[in-house]
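A.B. asks: just coords:
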Ligand code: SF4
Ligand code: SF4
């Protein structure tokens with residue numbers, strides 16, 4: 001029986017041409033990527049716009065008369081899947097008006113490390129008091145830095 005034909009071997013020239021073609025292909029790809037538009041931006045000099053539905057740091061809103069909209073009902077705390085909100089409700093001191101009802105949030109905290117920014121607190125709030133703003137520059141040197149207190153939430157952070 002005749003032996004099967006041996007595969008054709010590439011000579012030295014074949015290897016050289018194939019190597020040069022591979023090199024040219026790689027170089028072409030590098031050059032095209034070098035001049036392609038970038039998806040990144042040199043932060044913080046340039047900040048990319050968020051999608052309109054982006055959910056960032058929370059704020060507690062006030063009404064047009066300056067009263068706090070939060071009435072301390074605790075619905076946001078109850079609905080939060082990450083257990084990130086703590087509300088301490090109280091009755092307004094005698095003669096004082098804090099919110100637009102007799103009850104208000106004496107203390108309010110959002111743990112921004114636990115929070116998954118789902119927006120359920122915003123959806124559950126009956127007075128539209130807690131809102132998620134586009135602010136996303138969240139950083140701190142300790143865990144405690146990442147817990148937003150009521151005073152801070154009443155002064156919403158603004159993106160530069
Ligand atoms: S956005 Fe979601 S996870 Fe964050 S505090 Fe609100 S309900 Fe909780
Ligand atoms: S933020 Fe809204 S849901 Fe949460 S305690 Fe205040 S009023 Fe209730």
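C.D. replies: Done, it's in. Everything numeric here is computed off the predicted structure, so don't read it as measured data. Ligands and ions are numbered 1, 2, ... in the order given.

A.B. asks: so where does residue 116 fall, helix or strand?
C.D. replies: For residue 116, there is no enclosing helix or strand under DSSP states H and E.

A.B. asks: Actually, residue 88.
C.D. replies: Element membership for residue 88 (DSSP H and E) is strand 85-91.

A.B. asks: touching ligand 1 at all, that strand?
C.D. replies: Yes. For strand 85-91, a contact with ligand 1 is found by Cβ under 6 Å from any ligand atom, at residue 85. In this view, the C-beta of every residue, glycine as well, is placed from N, C-alpha and C.

A.B. asks: got any ranges where this protein has weak pLDDT?
C.D. replies: For the chain, the stretches flagged by pLDDT under 70 are 1-10, 158-160.

A.B. asks: can you rerun that using 80?
C.D. replies: Along the chain, the model assigns pLDDT under 80 to residues 1-15, 95-97, 157-160.

A.B. asks: Tell me which stretches of it form strands.
C.D. replies: Counting by DSSP state E, the chain has strands at residues 58-60, 85-91, 103-111, 130-132, 147-149.

A.B. asks: so which of these gets nearest residue 67?
C.D. replies: strand 103-111 (8.8 Å; Cβ to Cβ).

A.B. asks: Switch the strands of the chain over to CSV; also include mean neighbour count.
C.D. replies: Listed next are the strands of the chain as CSV, based on neighbours: other Cβ atoms under 10 Å:
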stretch, mean neighbour count
strand 58-60, 23
strand 85-91, 16
strand 103-111, 20
strand 130-132, 21
strand 147-149, 17
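
A.B. asks: any chance of those in a markdown table, plus distance to ligand 2?
C.D. replies: Putting the strands of the chain into a markdown table (distance: least, Cβ to the nearest ligand atom, whole Å) gives the following:
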| stretch | distance to ligand 2 |
| --- | --- |
| strand 58-60 | 7 |
| strand 85-91 | 5 |
| strand 103-111 | 6 |
| strand 130-132 | 4 |
| strand 147-149 | 13 |
